[in-house]
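> Generate coordinates for the sequence data below:
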Amino acid sequence: MTSSPPSTARVWPVMLCWIVVALDGFDLVVLGTVIPTLIGTGALGFDPGGATAVATAGLVGVGIGALAVGPLTDRYGRRATLITCVALFSVFTIAVVAAPNVFVFGALRLLAGLGLGACIPTVLAYVGEFAGSTRTGRSTTLTMTGYHAGAVLTALLALAIVPNWQLMFLVGGLAGIVVLPLLWFTLPESAAVLARRADGAARPTGTVGVLVRRPYLLASIGIWTASFMGLLLVYGLNTWLPQLMKVAGYDTGDALGLLLVLNLGAVAGLVLAGTLADRNGTKRVTLVWFFLAAVFLALLSIRMDEVVLLYAAIFVTGVFVFSAQVLVYAFVSQLYPPEVRGTALGFAAGIGRIGAIAGPAITGVLVTLDLAYPGGFYVFAVAALISVASIATVPAVIRRREGAPVVVSG
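Numbering: from 1, shown residues only. The predicted structure is shown next:
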């Protein structure tokens, strides 16, 4: 592993990566802020079915982008790949403004998703290598706080801009355009990639196949399962928590406030989890985090009439649910060697995005069947326990065939 650069040299590149992650937070929220206007006005021919199709198209694009980017970032480097992906996302997000109908709107969201989905694995590979092996957990979780910051800022922006839905996408796309020259002129290549080039190592090829062969197969299956379940929880809760709490008998104001508290807990959890992972081992902390997420999700099935107790339970649930998923990414960054790390992160994120689609869909079925409360929280708790079991199967040490250690973690 390469040594980490001085702290003063780390701040600016990591901040740029944080801003890129914030664009993902923008994308999470932006469609939800404009859908009521689009459906209410019938703009572009939008109706509930069209809105669902567009939302799904965006998530599909993000998933494909995450799966496809790994070999590219491992072959061509983190810097060039990240700049290209931000440009792709920005251009197609701006193009949404000129969409003439729902179909083109959805197609542009899918294309923008390709770029955006590729950004997160590339950023996480970059910050993990740039920060150094002893700071991977903290650098990963702190970078991912940008996701929630972007979501909150976009929601606040929507209060001022909507019903002008075109301006929402224009602002988001232009934000990416502004970031591009900063990335181009100030973002260095990651230390691991530079070291490989200095050694004259050939560009890796066929890295996808490496993930499903020994000695990586068992680790890959465990990581993919945990990532799928983790994003099922993240998107399922963010999408349906207000409705679940409403069904449980809480008023709508409380339900919306609880969603905000859930995400505030997520930020606190990200700050705490990374520090503990670097001190105590990422695998160990990930196991504890998913287990406690299961416990608190199950506790939410019990109606709490004391408001302070309810908000505290939701906050603590957010602490563990959201950062547990990010710890999976940190574990990947430590577990796989640099030449396949981007691919490993891409597949973890891409398969996780399938869970992001499945989570809201499964919970929606429970709502339709009138089983959402308390059944939804039991389903979420089981998903967290499956993550515990899957991470437990991942070896703490992966060794190459010749027996040299690739990395030691937790």
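> Surely M304 forms part of a strand?
No - the assignment for M304 (DSSP: H, G, I helix; E, B strand; the rest coil) gives coil, which keeps it out of a strand.
> Now do it: how many residues are near it, please.
16 (other Cβ atoms under 10 Å). All C-beta atoms are positioned from the backbone trio N, CA, C, and that covers glycine.
> Need the per-residue pLDDT for it.
The model reports M304 with a pLDDT of 85.
> Work out for me the element the residue nearest to A298 when sequence neighbours are not counted sits within.
Residue nearest to A298 in three dimensions, not counting chain neighbours: A381, with 4.2 Å by Cβ to Cβ, 6 or more residues apart in numbering. Secondary structure assigned from DSSP states H and E places A381 in helix 375-393.
> And for W240?
helix 217-247.
> what angle do that helix and helix 375-393 make?
160 degrees (axes from the mean of the first three to the mean of the last three Cα atoms, to 10 degrees).
> Tell me how far helix 217-247 lies from the chain's centre.
Taking Cα atoms, centre = their mean, to the nearest Å, the mean C-alpha location of helix 217-247 is offset from the chain mean by 11 Å.
> Check which residues of it are buried.
Residues 219-220, 222-247 are the ones in helix 217-247 that count as buried (16 or more other Cβ atoms under 10 Å).
> and the residue nearest to A298, what is it in contact with?
Listed by Cβ atoms under 8 Å, 6 or more residues apart in numbering, the contact set of A381 reads 294-295, 297-298.
> Can you tell me which of those are buried?
Members of those classed as buried by 16+ other Cβ under 10 Å are 294, 297-298.
> Redo those as a markdown table? Include pLDDT, secondary structure and distance to Y147.
Listed next are the buried ones among the contacts of A381 as a markdown table, based on pLDDT from 0 to 100; DSSP: H, G, I helix; E, B strand; the rest coil; distance: Cβ to Cβ, whole Å:
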| residue | pLDDT | secondary structure | distance to Y147 |
| --- | --- | --- | --- |
| A294 | 96 | helix | 22 |
| L297 | 94 | helix | 20 |
| A298 | 94 | helix | 26 |
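> between those, which is nearest F331?
Nearest to F331, judged by Cβ to Cβ, of these is A294 at 18.0 Å.
> Contacts only, for the closest residue to the closest one other than its chain neighbours.
Counting by Cβ to Cβ, 6+ apart, the nearest residue to A294 once its immediate chain neighbours are dropped is A384, at 3.7 Å. Counting by Cβ under 8 Å, 6+ apart, A384 touches 229, 233, 290-291, 293-294, 297, 321, 324.
> okay, these in JSON lines with distance to L272 next?
Shown next, in JSON lines, are those (distance: Cβ to Cβ, whole Å):
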{"residue": "M229", "distance to L272": "21"}
{"residue": "L233", "distance to L272": "18"}
{"residue": "F290", "distance to L272": "15"}
{"residue": "F291", "distance to L272": "16"}
{"residue": "A293", "distance to L272": "14"}
{"residue": "A294", "distance to L272": "18"}
{"residue": "L297", "distance to L272": "18"}
{"residue": "V321", "distance to L272": "13"}
{"residue": "A324", "distance to L272": "12"}
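> what does stretch 143-151 rub up against?
Contacts of stretch 143-151 (Cβ under 8 Å, 6+ apart): 14, 17-26, 28-29, 123-124, 127, 263, 266-267, 270-271, 322, 326, 329.
> circling back to that earlier point, what two of the contacts of A381 are the furthest from one another?
Top of the distance list for the contacts of A381 (Cβ to Cβ): V295 and L297, 7.3 Å.
> quick one: I398 is in a helix?
No - counting by three-state DSSP, I398 falls outside a helix, being strand.
> Could you report the pLDDT at it?
With respect to pLDDT, I398 scores 71.
> isn't it right next to Y336, touching?
Yes - using Cβ atoms under 8 Å, I398 is in contact with Y336, at 7.4 Å.
> Which one's more surrounded, the two?
Y336 (26 against 20).
> What does that one show for phi and psi?
Y336 adopts backbone torsions of phi -100, psi 150, taken as degrees, to the nearest 10.
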